[in-house]
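Peer 1: Sequence and predicted structure below; questions after.
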Amino acid sequence: MRILKGWTKDEQKELEEAKDNGFFSVITLICSIDRDDDDDCRALSEKYCRDDTNDNNQMAKDIIDFYYGNAKFPEQKYYGEFYNQVSHLKKK
């Protein structure tokens, strides 16, 4: 299983939502990102537009692997800090 790196939280959220709710096909999603006219994929479109061709190829590979279960985003890690006998969880 590959870990996907270099994706913002908004980009991760849009890709996860696209897989779960909106786009049934990887091709449909990639075409929508390229058209830049779908508000549901705004962060993904911006990532596509700002990256160069090699990065866009990697982005397409990441999307395909994510859709087919061969890649995932890193899990959020938490650590504990203790202040005056009260614990607080913080994102790492």
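Peer 2: It's in. All of these numbers come straight from a predicted model, not from anything done at the bench.
Peer 1: Low-confidence ranges, this protein, go.
Peer 2: Using pLDDT under 70 as the threshold, the predicted model of the chain has low-confidence ranges 22-24, 34-40, 51, 78-92.
Peer 1: Name the next helix or strand downstream of the top helix by length along it, please.
Peer 2: The single longest helix within the chain, with elements called by DSSP state H, is helix 53-67. Sequence order places strand 71-72 as the next helix or strand after helix 53-67, per DSSP states H and E.
Peer 1: tell me what that following strand is packed against?
Peer 2: For strand 71-72, the elements it packs on are strand 2-3, helix 53-67, judged by 3 or more CB pairs under 8 Å, 6 or more residues apart in numbering; DSSP states H and E. The C-beta positions use only the backbone N, C-alpha and C, and glycine is treated the same way.
Peer 1: out of these, deepest packed?
Peer 2: helix 53-67 (a mean of 15; mean count of other CB atoms under 10 Å).
Peer 1: ok, and what's touching that one?
Peer 2: Residues lying outside helix 53-67 but in contact with it, judged by CB atoms under 8 Å, 6 or more residues apart in numbering, are 2, 4, 7, 15, 19, 26, 29-30, 47-48, 51, 71-73.
Peer 1: thinking again about what came up before, which of the helices and strands packed on strand 71-72 sits closest to residue 77?
Peer 2: Distance to residue 77, taken as CB to CB, is lowest for strand 2-3 among those, at 12.6 Å.
Peer 1: the inter-axis angle of the helix or strand residue 43 falls within versus helix 53-67?
Peer 2: Assigned by DSSP H and E, residue 43 belongs to helix 42-50. Comparing the axes of helix 42-50 and helix 53-67 via axes from the mean of the first three to the mean of the last three CA atoms, to 10 degrees yields an angle of 150 degrees.
Peer 1: returning to what we had before: take the contacts of helix 53-67 and, keeping just the buried ones, write it as a PyMOL select command.
Peer 2: Selection of buried members from these for PyMOL, criterion 16 or more other CB atoms under 10 Å:
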select buried, resi 4+7+15+19+26+29+30+47+48+71+73
